[in-house]
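Enquirer: What follows is a predicted protein model with its sequence.
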Protein chains: 2
Amino acid sequence: MISRTLAADLPARAGQHVMIAGWLHRKRRLKSMTFLIVRDRSGLAQAVLTGQAAIEAAAALPEETVIQVEGMVTTSPQAPGGAEITEPVITLLSGPAAPPPFDLYRPSVTAALPAILDGAPATLRHPRLRAPFEISAASAAGFRSALGDLGFTEIYTPKIVESATESGASVFGIDYFGTPAYLAQSPQFYKQALVGVFERVFEVGPVFRAEPHDTARHLAQYTSLDAELGFITDYHDVMAVLREAIAGMVSAAGRNARSAVDLLGLTLPSVPGQIPEIQFTDAQEMLARYTAEDPRGEPDLAPAHERWLCEWALREHGCEFLFVTGYPMAKRPFYTHPDPARPGYSSGFDLLFRGLELVTGGQRLHRCEDYLAALADRGEDPGPYASYLQVFAHGMPPHGGFAIGLERWTARLTGAANIRSVTLFPRDLHRLIP
Amino acid sequence: MISRTLAADLPARAGQHVMIAGWLHRKRRLKSMTFLIVRDRSGLAQAVLTGQAAIEAAAALPEETVIQVEGMVTTSPQAPGGAEITEPVITLLSGPAAPPPFDLYRPSVTAALPAILDGAPATLRHPRLRAPFEISAASAAGFRSALGDLGFTEIYTPKIVESATESGASVFGIDYFGTPAYLAQSPQFYKQALVGVFERVFEVGPVFRAEPHDTARHLAQYTSLDAELGFITDYHDVMAVLREAIAGMVSAAGRNARSAVDLLGLTLPSVPGQIPEIQFTDAQEMLARYTAEDPRGEPDLAPAHERWLCEWALREHGCEFLFVTGYPMAKRPFYTHPDPARPGYSSGFDLLFRGLELVTGGQRLHRCEDYLAALADRGEDPGPYASYLQVFAHGMPPHGGFAIGLERWTARLTGAANIRSVTLFPRDLHRLIP
């Protein structure tokens, strides 16, 4: 049997007899001929039917039917890529397809998000709806590659855990062979423990939040790009690694998902060697001086403040990224290392990108006694943390890390208004299917 | 402050003043001097203490304490790598460490597996216990890279699902905002659906089996390397991709985890361009003829048969891998495509490696009506599969795929007797901590 040619390779095969295979993307019927547009993973290819019998047979084929087309490659300036298949012989590889929820061949998508999500196995075939996932996959590959180059080891940690890890967030309970257990809200404890083994670790995996908020930003499961490294001087070492990770993600998106980036007309951000940094309290001073609000004394930044600061960073530094450092300890998790020079403020940071917080990170406590004191300060019982605390008894270096939400990253890059449109089969308060 | 030098880079810094940091791996006290061996992610480095005060201070330091050592690099044939630090100044980066469950500096590990697992955050620091995870990380990177080169897109699919996917295996139930749901036993349905979107997909992620068997081979969570591809001619196309994936994994392990491979004294398998293949029924004939047993009529191979067949493949083909193809349909999941030429047998395969089944794969059904017939044949209600079946109504190409258990792979490569010793924090019937 003749082997398959991809649509994108057609122009190079002019004058040859080839076979292509894919989905019938679109039919265009003219007076004396019909064009079949076939979609495969590489793009679109056109076949031209001229005989009356062939035209009638094609008329009966619904869009999205999986077909194989054999014929001669003929150069044609009007065809996608400048070549088309003439005198094609069509073979069905499956039955006639049921119609998708909306026409996948129209250049833009007007369907509402719920319709897109309900019909995801068909609707995500639309090139514009598929493109964000190509960018997402490329970004994750760039993350791994950047950290691999820096001596990080990839880890795979348990998603079923004995106790909640992030006290602020809600947790899914599970019956674990008769024992109550939880779905991991983050690999935080494990990645810290494994700094003791590998020094530098990263994980790309699902995390689970029983998120009761029905917003455009929250998911019950998302993909967390986690990193943690030991032997840091302070949190600036963590920020430097994060800068490399982000640069690797942008560069991989531009390289491995070029056609998706171009199709969506995106401008990828440039990542300067040094991302600008502002201290939380300085940011508040600036907001008090230059905006109508006075957030001084607040323990966190409001969304409007994050937006304003991003605009400022773009104006002032020409950069779409901004580190805000030294948030008050009050709103940070108990494992946060305080700034030795400024008690009450953390040795940590958020990375803002295009108006939103994208990454949270910082230095962690590394001494057992500091953990016990931090838990006592918060009135928390150390009992549930016994296994975690044990890690620090065996000698842990100063360390820190960060976590990037992959979907949030892709949403920012693609300008998606709702995080669900950059999530394959999202899970939320109302959505368990498909 | 002087920046950190890694242990492995010490020989190149002879004559220079440096700072190293790591865990106090071992102290060796001689009459007039003490050697401190420091372990970091790159290996071991030696510091020589000579003054009486320094020797006494070091005597109080327990092994595994995290220290920083500044001093002069001096060439010394006896030292690891041929260089050591003289006149060192020691700084503690953390408190004195609690002793690990056993001495981590002894070359071999005699502790029993439960002790190793209970104390994992400390015990996995032992270079021999850590090494398998470096091989595992390298293998996963090789898997991704090989499939990326073949045009596969990486996907991230839901781990919380509406219904069980693999009817044979037990499933963990979860309360999903008041609705019963399950932890995904495999990404099978999603990877198939996404063949419709991307044609070729892979996923590296956790899968969950409420495995009631307490064996050396079963885990409640493991890392599944899944791939699925469309537009195949038959299952040999799937086997060809699997061959590339395995070759990529072996090659990455040899390249990126070389020191771990060498430390464990492993011989990596060679992967021939064509892995030998035997049909299930031919394998049974051979077993009947050359062994004391007659397995003909059985629907599956017993472990002893898999071992015998692997010995045969090594003898006959000089290959540690063997494809067994065309298993009876009876023991295969309902989405399995039958062999059109041999009803009752599957268009599928197992890949055996060093005596055990490592991978299961094959062609899947791709027509909606075939799914309905397959479910009816098994007396299964199609109701719970409604969302899955919908995928095939919208036009799906002939496709197939496979899944490799990462831990099982690493166990085979390293010769581990128990899969738990190549799993970071394994989950099983009895183990939820650490």
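Expert: Arrived safely. Numbering: from 1, shown residues only, chains lettered A, B, ... in the order given.

Enquirer: Please make it C-alpha for all contacts and neighbour counts, starting now.
Expert: Will do.

Enquirer: Residues of the stretch 301-434 of chain A that sit close to chain B?
Expert: Residues of the stretch 301-434 of chain A that fall close to chain B, judged by C-alpha under 8 Å from any C-alpha of the partner chain: A:366-367, A:387-388, A:391, A:393-398, A:424-427, A:429, A:432-434.

Enquirer: repeat that for 7 Å
Expert: Proximity of the stretch 301-434 of chain A to chain B (C-alpha under 7 Å from any C-alpha of the partner chain) is limited to residues A:367, A:387, A:391, A:393-397, A:424-425, A:429, A:432-434.

Enquirer: Now render these as TSV, adding pLDDT, secondary structure and neighbour count.
Expert: Compiled in TSV, those are given as follows (pLDDT from 0 to 100; DSSP: H, G, I helix; E, B strand; the rest coil; neighbours: other C-alpha atoms under 10 Å in any protein chain shown):
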residue	pLDDT	secondary structure	neighbour count
A:Arg367	96	coil	20
A:Ser387	90	helix	17
A:Val391	95	helix	25
A:Ala393	96	helix	22
A:His394	97	coil	27
A:Gly395	97	coil	30
A:Met396	98	coil	32
A:Pro397	98	coil	27
A:Leu424	97	coil	22
A:Phe425	97	coil	21
A:Leu429	93	coil	17
A:Leu432	95	coil	18
A:Ile433	93	coil	18
A:Pro434	94	coil	22
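
Enquirer: Please enumerate the helices of chain A.
Expert: Here chain A has its helices, by DSSP state H, at A:52-59, A:113-118, A:120-123, A:127-149, A:188-198, A:235-256, A:258-263, A:280-290, A:303-317, A:368-377, A:386-393, A:406-414.

Enquirer: Ramachandran angles for A:His218?
Expert: With angles defined as degrees, to the nearest 10, A:His218 sits at phi -110, psi 140.

Enquirer: Over to A:His126?
Expert: Per-residue torsions, A:His126: phi -60, psi 130 (degrees, to the nearest 10).

Enquirer: State the distance from it to A:Arg41.
Expert: The gap separating A:His126 from A:Arg41 is 12 Å, by C-alpha to C-alpha, to the nearest Å.

Enquirer: try A:Pro328
Expert: Distance of A:Pro328 to A:Arg41, computed by C-alpha to C-alpha: 49 Å.

Enquirer: Now do the same contact list for the residue located most distally from the centre of chain A.
Expert: Centroid-distance maximum for chain A: A:Gln52 at 48.5 Å, with C-alpha atoms, centre = their mean. With contact set as C-alpha atoms under 7 Å, 6 or more residues apart in numbering or on different chains, A:Gln52 has no partners.

Enquirer: Over to A:Thr50?
Expert: By C-alpha under 7 Å, 6+ apart, the contact set of A:Thr50 is A:32-34.

Enquirer: Tell me how far it lies from A:Ala58.
Expert: The value you get for A:Thr50 to A:Ala58, if C-alpha to C-alpha is used, is 11 Å.

Enquirer: again with A:Ala227
Expert: According to C-alpha to C-alpha, A:Ala227 and A:Ala58 sit 53 Å apart.

Enquirer: more neighbours, those two?
Expert: The neighbour comparison of A:Ala227 against A:Ala58 (other C-alpha atoms under 10 Å in any protein chain shown) goes to A:Ala227, with 32 against 17.

Enquirer: Now for the closest residue to the more buried one other than its chain neighbours, how many residues are close by?
Expert: Spatial nearest neighbour of A:Ala227, chain neighbours left out: A:Phe202 (4.2 Å); criterion: C-alpha to C-alpha, 6 or more residues apart in numbering or on different chains. By other C-alpha under 10 Å, 26 other residues sit near A:Phe202.

Enquirer: for A:Arg431, same thing?
Expert: By other C-alpha under 10 Å, the residues close to A:Arg431 number 16.
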